[in-house]
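> build me a model from this:
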Amino acid sequence: MNNFFGTDGIRGEVGVEPITADFLLKVGWAVGSVLRENEDGNVSVIIGKDTRVSGYLFESALEAGFLSAGVNVGMLGPMPSPAIAYLTQAFGATAGVVISASHNPYQDNGVKFFSSKGIKLSDDVQKAIEKKLAKPMISVNSAAIGKAKRYGQALGRYIEFCKSTFDKTCDLSNLKIVIDCANGATYHIAEDVFKELGAKIIMINNTPDGYNINRDCGATDTRQLQQEVLKQSADLGIAFDGDGDRLIMVDHLGEKVDGDELVYIIASAWKNDGVLKSNTVVGTKMTNLGMRKALLELGLTFIEADVGDKHVMDELVNNNAILGGEGSGHIICLNKSTSGDAIVAALQVLEIISKSQVNLYDLKSKMTKYPQVLLNIKTESNVDLKNKANLVDAISLIESKLSDKGRILIRKSGTEALVRVMVECIDLELATESANYLVDVIKSK
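Sure, this is the predicted structure:
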């Protein structure tokens, strides 16, 4: 049995197994069949997608697969991933489906699923789907075939939900904000949310054409946003990724404010307000040492999860906590939404700015980040890092140099064919030198 599910659903290059129309057809059937076996009565799913051109193809394939399994389908069109999480509950659907490769370029695509509670599917359900995929696809009889319809009111409902997470007593009328939608799924939503809450908005990268999603823009590349904030003399900038679950911000000086810093800003404010449940914050193995130390100084407990918002969510639930995230911009505010939602997270930061009358630069300056060097190595095959010749010795050598001033993390990406090498150290020059050395060792034969 193949393991198709990665850290964030099934993802890969379009046209290359398993990201093909025939496979996505079978995925729809397999998921639908499992849902029907596990649920009593009518079973329904909603399907949304980001703006990449292959979404048209896979939307149709998944729809046909679900219908052949006897599952009713609601089509939403372009919609952020967190919107699907919310709308799955709002529409009373059995599951929600997102066609997206998140922050990847348009050549990639994938599919991920939310349960009726708006959270990622459990490992047990994913295993049941994997087993079903290994069996022949057999359609239900004609009388049991599902029905499909389009939901026209979904957009407005999600916009109102986002606004409902913001304290309406706060005034954003004095803020000038540049918003970068990465030519992705927030392109027709973000402007309405922030403008209707009173902010002065300048939009960039909100004209998707199917091919420009995440291209030199958005949460994965903030250079254009940084320049625009300075050019417009804006108070701050907000960057989303292609499917709207990652948030990176830019302060008025044009400096990037990443997910670790944003989680710290929210954690500090929520602790002061008595909102932060169990005084616990969840991060990952990639979380900056500076954030960990800053949280400790606030008297907060830091929990380290494996990389991926699914793992952050698991630790939040296990530790009765409400706030967690990653430096890449996945931020989960469980008291506001059931999944990582970039628009909702941005609103929490704006609420803090409004209430405190402190700008984003000063808020982030209360935490000192350790310089972090992250290098990606493209892999053609499944590299065995544990048995890689000389790597163990190389790691020991670098760890002795870093001592207690830094750390190393080497891992395979769960969403791309990459090995990621991260070195974090007070001394940027030492971190850079160490990361390059480790990359050379991994690349060596």
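> can you pull the pLDDT of Asn2?
Here the pLDDT value assigned to Asn2 is 61.
> for Lys412, same thing?
Listed pLDDT for Lys412 reads 83.
> likewise for Ala389?
68.
> again with Ala346
Note on Ala346: pLDDT of 98.
> over to Phe5?
For Phe5, pLDDT reads 86.
> please apply the same query to the one 10 residues further on.
The predicted local confidence for Gly15 comes out at a pLDDT of 97.
> again, but for Leu76
As predicted, Leu76 sits at a pLDDT of 97.
> how deep is the nearest residue in space to it that is not next to it in sequence tucked in, by neighbour count?
Nearest residue to Leu76 in three dimensions, chain neighbours excluded: Gly48, at 4.1 Å (C-beta to C-beta, 6 or more residues apart in numbering). For glycine as for every other residue, the C-beta is placed from the backbone atoms N, C-alpha and C. Using other C-beta atoms under 10 Å, the number of residues around Gly48 comes to 29.
> kindly report the same for Gly406.
Gly406, neighbours per other C-beta under 10 Å, totals 22.
> same thing with Ile159?
19.
> so where do the strands sit in the stretch 51-200 of the chain?
72-78, 95-99, 108-115, 148-150, 176-180, 200-204 (DSSP state E, counting those that start in this stretch).
> any chance of those in a markdown table with mean neighbour count as columns?
Converted to a markdown table, the strands of the stretch 51-200 of the chain look like this (neighbours: other C-beta atoms under 10 Å):
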| stretch | mean neighbour count |
| --- | --- |
| strand 72-78 | 21 |
| strand 95-99 | 28 |
| strand 108-115 | 24 |
| strand 148-150 | 11 |
| strand 176-180 | 25 |
| strand 200-204 | 18 |
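> if we can go back for a sec, my read is the residue nearest to Leu76 is in a helix, agree?
No: secondary structure of Gly48 (DSSP: H, G, I helix; E, B strand; the rest coil): strand, not part of a helix.
> what does stretch 288-302 rub up against?
Applying C-beta atoms under 8 Å, 6 or more residues apart in numbering, the contact partners of stretch 288-302 are 260-261, 263-264, 267-268, 271, 276, 278-283, 287, 327, 366-370, 372, 406-407, 424.
> returning to that earlier point: export the strands of the stretch 51-200 of the chain to CSV and tack on distance to His188?
Below are the strands of the stretch 51-200 of the chain laid out as CSV (distance: least, C-beta to C-beta, whole Å):
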stretch, distance to His188
strand 72-78, 7
strand 95-99, 16
strand 108-115, 20
strand 148-150, 16
strand 176-180, 12
strand 200-204, 11
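> which of those strands sits closest to Leu391?
strand 108-115 (28.2 Å; C-beta to C-beta).
> from the middle of its chain, how far away would that closest one be?
Its chain's average C-alpha position is 12 Å from that of strand 108-115, according to C-alpha atoms, centre = their mean, to the nearest Å.
> same deal with stretch 70-80?
The answer for stretch 70-80 is 20 Å, by C-alpha atoms, centre = their mean.
> for the longest helix along the chain, packing partners?
Criterion DSSP state H: the longest helix present in the chain is helix 21-38. Under the contact definition 3 or more C-beta pairs under 8 Å, 6 or more residues apart in numbering; DSSP states H and E, helix 21-38 sits against strand 44-49, helix 55-68, strand 95-99, strand 108-115, helix 123-133.
> other SSEs contacting the shortest one?
Judged by 3+ C-beta pairs under 8 Å, 6+ apart, strand 95-99 is in contact with helix 21-38, strand 44-49, helix 55-68, helix 81-90, strand 108-115.
> and that strand, C-alpha only, in PDB?
C-alpha atoms of strand 95-99 as PDB (Å, rounded to 0.1, in the frame of the first residue of the first chain):
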ATOM      1  CA  ALA A  95     -16.000  16.800   4.900                       C
ATOM      2  CA  GLY A  96     -14.300  19.700   3.200                       C
ATOM      3  CA  VAL A  97     -11.800  19.400   0.200                       C
ATOM      4  CA  VAL A  98      -9.200  21.900  -0.900                       C
ATOM      5  CA  ILE A  99      -7.400  21.600  -4.200                       C
END
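> give the rounded mean pLDDT of it.
For strand 95-99, the mean per-residue pLDDT is 98.
> tabulate the helices and strands packed on strand 95-99 (TSV), appending mean pLDDT and distance to Lys443.
Output for the helices and strands packed on strand 95-99, formatted as TSV (pLDDT from 0 to 100; distance: least, C-beta to C-beta, whole Å):
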stretch	mean pLDDT	distance to Lys443
helix 21-38	97	32
strand 44-49	98	37
helix 55-68	98	34
helix 81-90	97	34
strand 108-115	96	24
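> I'd like those as a markdown table, with distance to Asp314 appended.
A markdown table is the format used below for those (distance: least, C-beta to C-beta, whole Å):
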| stretch | distance to Asp314 |
| --- | --- |
| helix 21-38 | 20 |
| strand 44-49 | 23 |
| helix 55-68 | 26 |
| helix 81-90 | 16 |
| strand 108-115 | 14 |
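> coming back round to it: to Ser396, which of the strands of the stretch 51-200 of the chain lies closest?
Of all the strands of the stretch 51-200 of the chain, strand 108-115 comes closest under C-beta to C-beta, at 35.9 Å.
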